[in-house]
Each structure stands twice: as C-alpha cells, then as structure tokens.
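> What follows is a predicted protein model with its sequence.
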Amino acid sequence: MLHFSKFKITLILAVLLAGFYTALPNVFSAAHLTNLPSWLPARTVSLGLDLQGGSHLLYEVDTEALVKAKLDAVEDEIRAAMREKKLGYTDLGVKDDRITFKLRDLTAIEIAREALKKATIGMQLDIADDGSVAAYFSDVTLAETKKHAVEQSIEIINKRIDQTGTKEPTIIRQGDDRIVVQVPGVSDPQRLKDLIGKTAKMEFKMVDEVAESTGTAPPTSVQLPVIEKNGTPGQKLWIKKPVMVSGENLTDAQQGFENGLPIVQFKFDTVGARKFGDATKANVGKRFAIVLDNQIISAPVIRDAILGGSGIISGNFTTESARDLSILLRAGALPAPLTVLEERTVGADLGADSIEAGKRACIIAIVFIAVAMVVLYGLFGIFANLAMVLNGVLMLGFLSAIGATLTFPGIAGMVLTLGMAVDANVLILERVREEMRNGRSPVNAMEAGYREAQATIFDANVTHAISTMFLFAFGSGPIKGFAITLLIGIVSSVFTAVVVTRLMTSLWLRRARPKALPL
C-alpha cells in the first residue's frame with residue numbers, strides 16, 4: 001500500500017501541477033489577465049449574480065398570444081382556400097381558441113372539407129350537417145406547442161445575451177411557462193429588457209397604395225405605425241397582410257454605416273433570396289414595408305429588382321439601436337411575447353460583502369481544521385493539512401477549466417468540502433493508532449491503517465456523492481451550484497486525502513525509518 005512506482009509518483013505530480021496550472025489565473029486581476037503569457041490559461045472562475053451583482057428578471061411566455069397568432073394565420077389560409085374553391089361562407093373568425101364560420105351552400109360540405117384539409121393541417125376539423133365549421137387544436141397539440149415555445153424562447157434569449165458579450169448568464173425554466181434570467185455584471189436591466197423582450201418578428205410586406213389613396217382598405221390589409229427616431233409610433237400606413245418574405249429566411253444581420261448614418265445589413269438564405277427577388281421584380285416603383293413586431297421600421301420605394309439576396313435597412317436608427325436590431329435578427333424571433341413578472345437588481349456592494357463573508361468563512365474553517373489536525377495527529381496532521389490546501393487548489397482549477405460560475409452557495413460547498421477533506425485522514429490515522437496499540441511496527445501499522453480504512457472511506461464518499469447527484473438532478477439555480485461544487489470536492493478530497501497523503505507518508509517513512517510513529 002505504501003509502495004509507489006516512479007510512474008505513479010509522476011502521475012500524481014502531473015495531476016497536482018495541472019490543478020495549479022488551471023487555478024493560477026484566478027490569482028490575477030482582470031486587468032492583468034490580458035498581459036499573461038500566451039502559454040498560461042486565461043479562463044477563471046466567473047462570479048455569479050450574488051457575488052458581483054447584476055440583473056435578475058422573471059419572464060412569463062405569453063403562450064395564449066402564440067395560439068391566437070397561429071389561429072389568425074390559419075384563418076387567412078381558410079379564407080384563401082374558400083376563395084379558391086368559390087365557396088360562400090359567413091361569420092368567419094376566431095372565438096374561444098377556435099376558428100368558426102358557416103357554409104352558405106349545404107350541398108358543398110364535402111367540397112369544403114376537401115378544400116380545408118390543407119389549410120387546417122395539424123388541427124381538428126368539425127363540419128356539422130347545418131354547415132357550421134369549427135377548426136381547433138387538440139389539447140395534446142396545444143400542450144406540445146406551449147412547451148416548445150418556452151424551450152425555443154430560452155434558446156433565443158441565450159443567443160441574444162451571448163451576442164452582447166455578457167459572460168455566464170443563467171437562463172432556466174421555472175414552472176410551465178416562466179423563464180428566469182440572471183445576468184451577472186449588468187447593472188442596467190432596462191437595456192437587457194429591451195433586448196430580451198422584443199419578439200423581433202420581422203416581415204417584408206407591400207404597402208397598400210390603393211388604401212393609402214382612398215383611406216379605406218379590404219380585410220386583407222391592416223394599418224401599422226411607422227417608428228420615429230425617438231422610438232415612438234408616428235404616422236400609420238396601410239399594409240397588405242400577405243408576407244413577401246419573413247425573418248425566418250434571414251441568415252445574417254450586421255450593423256453598419258451608409259453616408260455616416262447607422263444601418264442594418266441583412267442577408268437571406270436561398271429560398272428567401274428567391275422570394276425577395278421575385279417580389280421586388282414584380283413591384284418596381286411601389287413601396288414595401290419592413291415590419292418589426294407590427295411596427296414599420298422603414299417603407300422605401302423599390303427602385304430596381306433586388307436579386308442578390310442581401311440588402312440594407314435604413315431608418316431612424318442610432319448606433320446602439322442598429323446594433324441591437326442586428327443582434328435580434330441574428331438570434332431569431334421569439335415564438336411568443338414575453339411579460340416581465342419580476343425585476344431585481346443586485347448591487348455590486350452586496351456581492352462584495354458576500355465575497356468577504358465567504359473569505360472569512362474559508363479562513364476560519366481552514367485555521368480551525370489545521371490547528372485541530374496538528375494537535376491530534378502531529379506530523380501526520382501537517383500532511384493532512386497540506387492535502388486540504390491541495391484539495392482547494394484542485395477544486396479551483398477544475399472549476400476554472402470548465403468555466404464554472406461561483407455563487408455564494410458554491411462557496412458554502414467549498415467550505416464544507418474543506419471540512420470533509422480531512423475526514424478520510426482521521427479514519428486512517430485512528431486505525432493506525434489502533435494497530436500501533438496492537439503491537440505492530442510503524443510501517444505495518446501504517447499499511448494496515450490505509451488498507452482497512454479504504455472500504456469505509458469509499459462507502460462514505462459514494463453515498464455522499466449519490467445524495468449530491470440528487471441535489472443536482474432535482475435542484476435549480478443556487479442548489480445546482482452547491483451540488484456541483486460539492487461533487488467536485490468529494491472527488492478531489494478523496495484523491496488528496498488518500499493518494500497524496502499516502503505518498504507523503506511513504507516518502508517520510510523511507511527517509512526517516514522511525515521506531516515509533518509521532519501520533
């Protein structure tokens with residue numbers, strides 16, 4: 001048990017050096033990290049919201065608005081299908097999550113059923129003998145749609161925040177339709193809300209020139225406001241409902257400048273480029289509107305067909321608003337509107353207090369444990385204390401390597417791990433004392449101590465790890481942070497307390513060859 005080959009010694013030293021190597025950047029301030037040599041790692045443990053301050057937002061996904069939008073889209077499809085088959089109907093509209101209307105000609109029920117199949121794909125279609133028609137989503141389809149909307153919203157929020165350069169945001173689902181967003185280091189939640197909360201549904205539509213000149217419009221057109229430079233709605237234009245190209249066909253968007261003014265440059269995919277080219281070619285000399293969340297950003301005149309699949313959006317932009325719009329377009333549109341339910345800002349001062357409290361707790365814990373181990377076990381207590389320090393270094397190095405975010409519960413997990421780090425040594429050394437009382441030699445007593453205590457150490461740490469895994473699996477936010485720190489601490493403490501202290505003990509026994517152990 002106390003014999004180590006050169007290979008094992010090299011492997012243990014390599015693990016310890018790797019821990020020091022990855023933990024080293026945490027010693028330097030953020031300003032000095034950029035000046036470090038290229039061969040040194042630059043990744044450090046990021047501080048969470050409770051340690052460095054930041055913004056906390058709780059959103060609710062408006063899934064009802066999503067269902068309403070889908071029903072409105074199907075209503076337009078139904079209207080087009082009925083018009084194509086020249087079927088008369090009355091009272092077409094959406095009511096109580098259903099699209100309802102009535103056929104005028106009862107002999108055309110089967111023709112209508114066939115015509116409506118494509119328009120109502122994925123929906124239940126009921127046609128009564130009296131000509132009443134109802135199209136609706138099943139409960140299963142509605143539940144799946146709402147679930148997918150929340151998951152997609154989380155993904156898009158993540159993309160939007162990542163593209164601002166913010167490090168380590170926490171974006172998690174809460175309940176069925178709520179999303180928690182925590183962004184460390186962001187003290188102004190308003191800009192964060194402006195960036196996250198916009199649906200960013202972009203559409204390219206034609207201006208209804210006839211309605212503009214006469215002041216009246218058919219059901220296929222709608223009046224939308226033009227956004228002024230200060231961001232407020234201005235005059236309204238009649239816009240045709242059919243979409244030329246949607247934002248789903250955008251592949252890239254970048255903020256730029258033209259004649260010194262901020263613009264947004266965009267690019268379509270192959271399908272979008274073809275649609276946009278065909279639409280602009282057929283409408284030269286007419287105006288089209290660039291619509292974002294039912295507000296008109298710009299309504300230019302089509303001078304020539306735009307066939308390259310790319311273009312620019314020029315409007316009442318500032319540099320920041322153009323940059324934000326490009327981020328929104330690149331990340332994609334939210335499937336449903338978001339409503340802010342809770343908004344909280346954590347000050348940096350509170351975070352600094354938490355860090356100081358964590359430091360004090362760590363120092364007090366280390367001092368008490370170190371003194372107790374030296375008093376109880378002498379030289380071997382010093383070995384255990386060295387292992388405890390190495391355990392802290394390995395934990396910090398591993399957290400840095402995986403880019404973990406350290407929160408106050410995470411610090412609590414580290415403090416708890418420091419106490420656990422010497423548990424294995426206590427078990428081993430107490431067993432060694434027992435073997436010494438039974439008359440064994442120092443080497444044999446140490447061999448037996450490590451051998452006989454191994455099963456107990458293994459069982460204790462495995463059961464501890466299992467309970468920690470349950471915390472990680474079923475917890476959220478701070479609980480997960482506490483669990484992951486504790487799990488890493490369990491692995492590193494077993495390595496340092498059993499393997500590293502055994503190596504130190506082995507080297508000391510070979511060199512000192514004592515007649516009795518200094519316990």
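Everything's here; your move.
> Now do the contacts for residue 329.
Listed by C-beta atoms under 8 Å, 6 or more residues apart in numbering, the contact partners of residue 329 are 200, 202, 247, 250, 253, 264, 266. For glycine as for every other residue, the C-beta is placed from the backbone atoms N, C-alpha and C.
> Where does residue 59 sit, in terms of helix or strand?
Per DSSP states H and E, residue 59 falls inside strand 54-61.
> Okay, the residue nearest to residue 212 when sequence neighbours are not counted and residue 303: tell me how far apart.
Leaving out its chain neighbours, the residue that sits closest to residue 212 by C-beta to C-beta, 6 or more residues apart in numbering is residue 238, at 5.4 Å. As for residue 238, its distance to residue 303 is 22 Å (criterion: C-beta to C-beta, to the nearest Å).
> Looking at those two, which one has more neighbours?
residue 238 (21 against 9; other C-beta atoms under 10 Å).
> Look up the residues forming beta bridges with the more buried one.
residue 223 (DSSP bridges).
> looking at this structure, which helix or strand is least sure?
helix 30-33 (a mean of 59; mean pLDDT, DSSP states H and E).
> Tell me the strands beside the following helix or strand past it, with direction?
Once the chain leaves helix 30-33, the next helix or strand it forms, by DSSP H and E, is strand 46-47. Take DSSP bridges as the rule and strand 46-47 pairs in its sheet with strand 405-406 (parallel).
> Let me know the next secondary structure element after the strand it pairs with.
According to DSSP H and E, the helix or strand after strand 405-406 is helix 408-421.
> so how far is that next one off the chain centroid?
From the chain centre to the centre of helix 408-421 is a distance of 26 Å (C-alpha atoms, centre = their mean, to the nearest Å).
> contact partners of the very next helix or strand once past that helix?
On the C-terminal side of helix 408-421, the nearest following helix or strand under DSSP H and E is helix 423-437. For helix 423-437, the surrounding residues in contact (C-beta under 8 Å, 6+ apart) are 373, 376-377, 380, 383-384, 387, 442, 444-446, 448-450, 452-453, 456-457, 460-461, 493-494, 497-498, 501, 516-517, 519.
> pLDDT on helix 423-437, on average?
Regarding helix 423-437, the rounded mean pLDDT is 88.
> Quick one: residues contacting the residue nearest to residue 212.
207, 208, 211, 212, 217, 221, 222, 223.
> now residue 336
Neighbours of residue 336 in contact, by C-beta under 8 Å, 6+ apart: 61, 62, 63, 65, 66, 69, 149, 153, 199.
> any idea how far the closest residue to it other than its chain neighbours lies from residue 79?
Excluding its sequence neighbours, the residue lying closest to residue 336 (C-beta to C-beta, 6+ apart) is residue 66, at 3.7 Å. In this view, residue 66 and residue 79 are 21 Å apart by C-beta to C-beta.
> If you count surrounding residues, which of the two has more?
Between residue 66 and residue 79, counting by other C-beta under 10 Å, residue 66 is the more crowded of the two (20 against 16).
> I'd guessed that one sits against residue 147; true?
No. Contact criterion C-beta atoms under 8 Å: residue 66 and residue 147 do not qualify, at 11.4 Å.
> and the contacts of residue 238, which of them are in helices?
Here DSSP state H is the test, and these give 211, 212 as lying in helices.
> Which member of the contacts of residue 238 is positioned nearest residue 10?
Using C-beta to C-beta, residue 222 is the member of the contacts of residue 238 that lies nearest residue 10, at 73.9 Å.
> Which elements pack onto the following helix or strand past the strand holding residue 59?
Next along the chain after strand 54-61, taking DSSP H and E as the criterion, comes helix 63-84. Applying 3 or more C-beta pairs under 8 Å, 6 or more residues apart in numbering; DSSP states H and E, we find helix 63-84 packed against strand 89-95, strand 98-103, helix 109-119, helix 139-162.
> Buried ones in helix 63-84, by neighbour count?
Residues of helix 63-84 classed as buried: 63, 66-67, 69-71, 74-75, 77-79, 81-82 (neighbour count, 16 or more other C-beta atoms under 10 Å).
> now do stretch 115-135
Buried-residue list, stretch 115-135, by 16+ other C-beta under 10 Å: 115, 116, 119, 120, 123, 125, 127, 131, 133, 134, 135.
> Can you get me the centre-to-centre distance for it and its chain?
40 Å.
> What separates the first and last residues of it, distance-wise?
Criterion C-alpha to C-alpha, to the nearest Å; first-to-last residue distance in stretch 115-135 is 13 Å.
> Stretch 299-312 too?
End-to-end for stretch 299-312, by C-alpha to C-alpha: 12 Å.
> just stretch 289-305 next, same as before
15 Å.
> ok, and what's touching that stretch?
198-207, 224-227, 233, 237, 239, 277, 280-281, 283-288, 313-315, 325.
> Go again with 7 Å.
198-205, 207, 224-227, 233, 237, 239, 277, 280-281, 283-288, 313-315 (C-beta atoms under 7 Å, 6 or more residues apart in numbering).
> buried residues in that stretch?
Residues 289, 290, 291, 292, 293, 296, 297, 298, 299, 302 are the ones in stretch 289-305 that count as buried (16+ other C-beta under 10 Å).
> so which pair among those is furthest apart in space?
Between any two of the buried residues of stretch 289-305 (C-beta to C-beta), the greatest distance is 22.9 Å, for 293 and 302.
> per-residue pLDDT, residue 373?
So, for residue 373, pLDDT stands at 90.
> Output the contacting helices and strands for the host helix or strand of it.
Assigned by DSSP H and E, residue 373 falls within helix 348-377. Contacting helix 348-377 under the criterion 3 or more C-beta pairs under 7 Å, 6 or more residues apart in numbering; DSSP states H and E are the following elements: helix 49-52, helix 379-401, helix 408-421.
> tell me the mean pLDDT for the lengthiest helix in the chain?
Ranked by residue count, the top helix of the chain under DSSP H comes out as helix 442-474. For helix 442-474, mean pLDDT rounds to 87.
> Which strands and helices lie in contact with the helix or strand just after it?
Remark: after helix 442-474, the chain's next helix or strand is helix 478-494, criterion DSSP H and E. Packing partners of helix 478-494 (3+ C-beta pairs under 7 Å, 6+ apart): helix 379-401, helix 408-421, helix 442-474.
> which residues in the stretch 201-350 of the chain form helices?
209-214, 270-282, 319-331, 348-377 (DSSP state H, counting those that start in this stretch).
> Make CSV out of the ones you listed and add distance to residue 470.
Output for the helices of the stretch 201-350 of the chain, formatted as CSV (distance: least, C-beta to C-beta, whole Å):
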stretch, distance to residue 470
helix 209-214, 63
helix 270-282, 47
helix 319-331, 35
helix 348-377, 25
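> how close does residue 286 sit to residue 214?
16 Å.
> Got the domain ranges for this structure?
Here the domain assignment for the chain is 6-50+348-512, 63-141, 202-332, based on automatic domain parsing.
> can you put those in TSV and add distance to residue 159?
What follows is these, written out as TSV (distance: least, C-beta to C-beta, whole Å):
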stretch	distance to residue 159
domain 6-50+348-512	18
domain 63-141	19
domain 202-332	4
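> Nearest to residue 170, out of those?
domain 6-50+348-512 (6.7 Å).
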